[in-house]
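Peer 1: this one's structure only:
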């Protein structure tokens, strides 16, 4: 395998991981949206909906980028869950535990998106690099907002 093919494969593999992580995070966020309770219900319910809606669109863009690079995007709930390896949250978790869990999962996604960004930079794939920079920014902002909630 030549160097170009190897770096392109690394980009695709990293993007596939970001898709899996993002899909798992979307499902996790949806679970929180449905089951959050307590005095912060409305604020968290609405924030979680904004987050999973934004993730749905982002996942499609990343999966289509993988296709544009000539590879297949991952799919199937069991495959995506296995790839992501996230621990599922209990349905009756309290709002604080939900938010802490979402911070943790967003941080994992930031790390994996950073790996994809770095692989894209090494492959001189500016489009993918830019896409991952934008994703990192979204997830860093999400972490900031969720951490701010935890200070209450």
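Peer 2: Received, thanks. For clarity, every value in this text was computed on a predicted model and none was experimentally measured.

Peer 1: from here on, contacts and neighbour counts on C-alpha atoms
Peer 2: Fine.

Peer 1: what's the single longest helix in the chain?
Peer 2: helix 3-35 (DSSP state H).

Peer 1: Beyond it, next helix or strand please.
Peer 2: helix 41-68 (DSSP states H and E).

Peer 1: other SSEs contacting that following helix?
Peer 2: helix 3-35, helix 126-150 (3 or more C-alpha pairs under 8 Å, 6 or more residues apart in numbering; DSSP states H and E).

Peer 1: Select, out of these, the one closest to residue 47.
Peer 2: helix 3-35 (8.2 Å; C-alpha to C-alpha).

Peer 1: which parts of that closest one are buried?
Peer 2: Residues 7-33, 35 are the ones in helix 3-35 that count as buried (16 or more other C-alpha atoms under 10 Å).

Peer 1: which ones are touching residue 134?
Peer 2: By C-alpha atoms under 8 Å, 6 or more residues apart in numbering, no residues touch residue 134.
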